[in-house]
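A.B. asks: sharing a model that was predicted from the sequence below.
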Amino acid sequence: MAGGVALNCVANGRIYNETNRDPKMLQRINEIKSREGFRPIAPIVKCNAFDRFFVGKKDPYMLFCCNALPETTKSIPSVVHVDGTSRVQVVSRKSNYFIYTLVDEFEKISGIPVIINTSFNLRGKPIIEQPLDAVMALFTSNLDFLVLEDYLVEK
């Protein structure tokens, strides 16, 4: 995907969000998904930028919690859980070109090579896997837009 990144982009069966413009982004995502406020969301960070924000094991599958650096808690608080950790996914151009490009474009806009990542499902519903279900979720939630293949769907 080329171009800018806006709030609540859906792609790869996930919801991706900007991380730094709204300190209440975690609250907004939890409202969109109708889930409890204590549930953390995960950051995706470019592999070469991981050490600027986190301490721990670099993992492409969000299997490990990492400690967030103090500056991370200040600059992108929505990706830091109450205990100061994050379940980080690192991405490289080779491991997932699409998501890497999305993060890279967001970095060009914001200066931060980190976006929010959470599953694309709404309360009481399974993770969305079909295009029709994705479009229905877009129009029955507070998501701003949807990316399906090479198409951008807006309300």
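C.D. replies: Received, thanks. Numbering: from 1, shown residues only.
A.B. asks: might you list the low-confidence residue ranges for this structure?
C.D. replies: Along the chain, segments meeting pLDDT under 70 span 1-23.
A.B. asks: can you map out the strands along it?
C.D. replies: 9-11, 14-17, 42-46, 54-55, 65-68, 85-87, 89-91, 114-119, 145-148, 151-154 (DSSP state E).
A.B. asks: tell me which of those lies nearest to Phe98.
C.D. replies: When the strands of the chain are compared by CB to CB, strand 9-11 sits nearest Phe98, at 6.9 Å. For every residue, glycine as well, the C-beta is placed using N, CA and C.
A.B. asks: rewinding a little: for Arg35, which of the strands of the chain is the nearest?
C.D. replies: strand 114-119 (9.2 Å).
A.B. asks: could you list the paired strands of the closest one along with their orientation?
C.D. replies: strand 14-17 (antiparallel), strand 42-46 (antiparallel) (DSSP bridges).
A.B. asks: buried sites along the last one?
C.D. replies: For strand 42-46, the neighbour count (16 or more other CB atoms under 10 Å) marks Ala42, Pro43, Ile44, Val45, Lys46 as buried.
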